[in-house]
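[1] give me the fold of what follows.
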Amino acid sequence: MTALSQYARLETTGLWRTGPGDAGREVVVSFGKATLVLSDSAGLPLTHWSLPAITRLNPGAAPALYAPDIDGSETLEVEDDTMVSAIETVRAAVAKGQAAAPRQIRWVAGWLVVAAALAGAVLWLPGALQREALAVVPDAKRTEIGATILGHLQRTLGGACRDPLGAEALARLHDRALGNGGQAVVLPLGPASPIELPGGITILSREMVERAAEPAVVAGQLLAARVAAGDDPLARLLDDVGLWATLKLLATGDLDPDALARHAEDLLAAPAPALGADRLGPAFSQAQVPLKPYALDRDPTGAGVADLLAADAHAAQEPPILLTDSEWVALQGICEGG
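    Now for the predicted structure:
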């Protein structure tokens, strides 16, 4: 978005609080592609806030107080007038973009609505709608949708674990396994299997992290979430919410909040996907992550994961170092700090 590119190099400091009882921590505030990035003094990202979802809690007051969602339990205090002006400009641009869908989207939506009225329940329509939505929904909107689903999951599974050193280690491992962009989040009470949401938000459970014997197991969970989500997690969402919700997304740029809440429930209720060597092997090989540790985490006997063990491209090699020992200890304690 033009408003964002204008402020791409802008940075300032802010006071970040992870909850009502938190005394606060000074962080560096900067803009990402579709997020507001909060980093420590060394430049390591601590968390990413979706720009479309950011809420101003005290309009007109100073210092400005922001939250990543309407709940406002996590907050960021910003005193720098230039940064406040930049955030407000970007928020206004996002709101304007959401209020008036791009001309292409409106045209396509109008054409498809007419086609739907004329053709009724034509078999090709749902697939055509989904393909069009996947082609035109921008990254910022995907991040907003993923952050909203994450909010619904947190109401059931608890707030994200945010020990600072653990969060830094998790961000390093995420980028090592999946590349830059997106983020990993650890929730204290689940899910039962790793989940990737639209916008590249990957959800792990505290139990997955704490039981892991080594970093390759957690990296494997991140990769398994990516593989299970297929080419695009938004496609899984659109399959779930159905035809009319997809039409609404094309026409207005928004999805029904109730539909997103139901999708979060469906994700938790869905059985763990059966991922075999044909799907996991290439993903682990490309990411240069050994497959054996993840396979044995799934089945310590090895009997039920023989195909995964045989597909480990690093079986005869020295295992790569994914995290240092201190980073690994910090990651396993990510939920100890709240």
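[2] give me the low-pLDDT residue ranges for the stretch 51-200 of the chain?
    94-126 (pLDDT under 70).
[3] ranges for the strands of the chain?
    Ranges of strands in the chain, per DSSP state E, are 11-17, 25-31, 35-39, 45-50, 55-56, 64-67, 75-78, 183-187, 195-197, 201-205.
[4] need these in a markdown table with mean neighbour count and distance to residue 307, can you?
    Glycine gets a C-beta too; all of them are placed from N, C-alpha and C. Listed next are those as a markdown table, based on neighbours: other Cβ atoms under 10 Å; distance: least, Cβ to Cβ, whole Å:
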| stretch | mean neighbour count | distance to residue 307 |
| --- | --- | --- |
| strand 11-17 | 18 | 45 |
| strand 25-31 | 18 | 44 |
| strand 35-39 | 22 | 38 |
| strand 45-50 | 22 | 36 |
| strand 55-56 | 16 | 47 |
| strand 64-67 | 21 | 46 |
| strand 75-78 | 21 | 47 |
| strand 183-187 | 24 | 26 |
| strand 195-197 | 27 | 23 |
| strand 201-205 | 25 | 24 |
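[5] switch these over to a markdown table; also include distance to residue 176.
    Listed next are those as a markdown table, based on distance: least, Cβ to Cβ, whole Å:
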| stretch | distance to residue 176 |
| --- | --- |
| strand 11-17 | 25 |
| strand 25-31 | 22 |
| strand 35-39 | 18 |
| strand 45-50 | 14 |
| strand 55-56 | 32 |
| strand 64-67 | 30 |
| strand 75-78 | 27 |
| strand 183-187 | 11 |
| strand 195-197 | 16 |
| strand 201-205 | 13 |
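[6] which strand residues bridge the residue most central in space within the chain?
    Closest residue to the average C-alpha location of the chain: residue 201 at 1.3 Å, with Cα atoms, centre = their mean. In this entry, residue 201 is beta-bridged to residue 183, residue 197, by DSSP bridges.
[7] show me what contacts it?
    Contact analysis of residue 201 by Cβ atoms under 8 Å, 6 or more residues apart in numbering lists 143, 146-147, 149-150, 182-185.
[8] how is the protein carved up into domains?
    Split into domains by automatic domain parsing, the chain comes to 2-99, 101-338.
[9] and the last one, how far from the chain's centre?
    When you say that, I think you mean domain 101-338. In terms of Cα atoms, centre = their mean, to the nearest Å, the centre of domain 101-338 is found 7 Å from the chain centre.
[10] which parts of the stretch 151-300 of the chain are helices?
    Applying DSSP state H, counting those that start in this stretch to the stretch 151-300 of the chain gives helices spanning 164-178, 206-211, 215-228, 233-241, 243-252, 257-269, 277-287, 292-298.
[11] quick one: the fourth one to helix 243-252, angle?
    With axes from the mean of the first three to the mean of the last three Cα atoms, to 10 degrees as the criterion, the two stretches helix 233-241 and helix 243-252 enclose an angle of 130 degrees.
[12] quick one: mean pLDDT for helix 233-241?
    Confidence for helix 233-241, expressed as mean pLDDT, is 91.
[13] list the buried residues in that helix.
    By neighbour count on 16 or more other Cβ atoms under 10 Å, the buried set for helix 233-241 is 233-238, 241.
[14] now that helix - C-alpha only, PDB.
    Provided in PDB are the C-alpha atoms of helix 233-241 (Å, rounded to 0.1, in the frame of the first residue of the first chain):
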ATOM      1  CA  PRO A 233      -4.500 -21.800   4.200                       C
ATOM      2  CA  LEU A 234      -7.100 -19.400   2.900                       C
ATOM      3  CA  ALA A 235      -8.300 -22.100   0.500                       C
ATOM      4  CA  ARG A 236      -9.100 -24.300   3.500                       C
ATOM      5  CA  LEU A 237     -10.900 -21.400   5.200                       C
ATOM      6  CA  LEU A 238     -13.000 -20.800   2.100                       C
ATOM      7  CA  ASP A 239     -13.900 -24.500   1.800                       C
ATOM      8  CA  ASP A 240     -15.200 -24.300   5.300                       C
ATOM      9  CA  VAL A 241     -17.100 -21.000   5.200                       C
END
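[15] for that helix, packing partners?
    Secondary structure elements in contact with helix 233-241, counted by 3 or more Cβ pairs under 8 Å, 6 or more residues apart in numbering; DSSP states H and E, are helix 124-136, helix 139-157, helix 243-252, helix 257-269.
[16] let's see that with 10 Å instead.
    Secondary-structure packing of helix 233-241 (3 or more Cβ pairs under 10 Å, 6 or more residues apart in numbering; DSSP states H and E): helix 124-136, helix 139-157, strand 195-197, helix 215-228, helix 243-252, helix 257-269.
[17] I'd like to check the angle between it and strand 201-205, please.
    80 degrees.
[18] got it, and the fifth one?
    Counting by the same axes, to 10 degrees, helix 243-252 lies at 140 degrees to strand 201-205.
[19] ok, and for helix 243-252, which residues are buried?
    In helix 243-252, counting by 16+ other Cβ under 10 Å, buried: 245-251.
[20] any chance of those residues in JSON lines, plus distance to residue 129 and pLDDT?
    Output for those, formatted as JSON lines (distance: Cβ to Cβ, whole Å; pLDDT from 0 to 100):
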{"residue": "245", "distance to residue 129": "10", "pLDDT": "82"}
{"residue": "246", "distance to residue 129": "5", "pLDDT": "86"}
{"residue": "247", "distance to residue 129": "6", "pLDDT": "86"}
{"residue": "248", "distance to residue 129": "11", "pLDDT": "85"}
{"residue": "249", "distance to residue 129": "9", "pLDDT": "87"}
{"residue": "250", "distance to residue 129": "7", "pLDDT": "85"}
{"residue": "251", "distance to residue 129": "11", "pLDDT": "85"}
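[21] having no further points to raise, I will conclude here.
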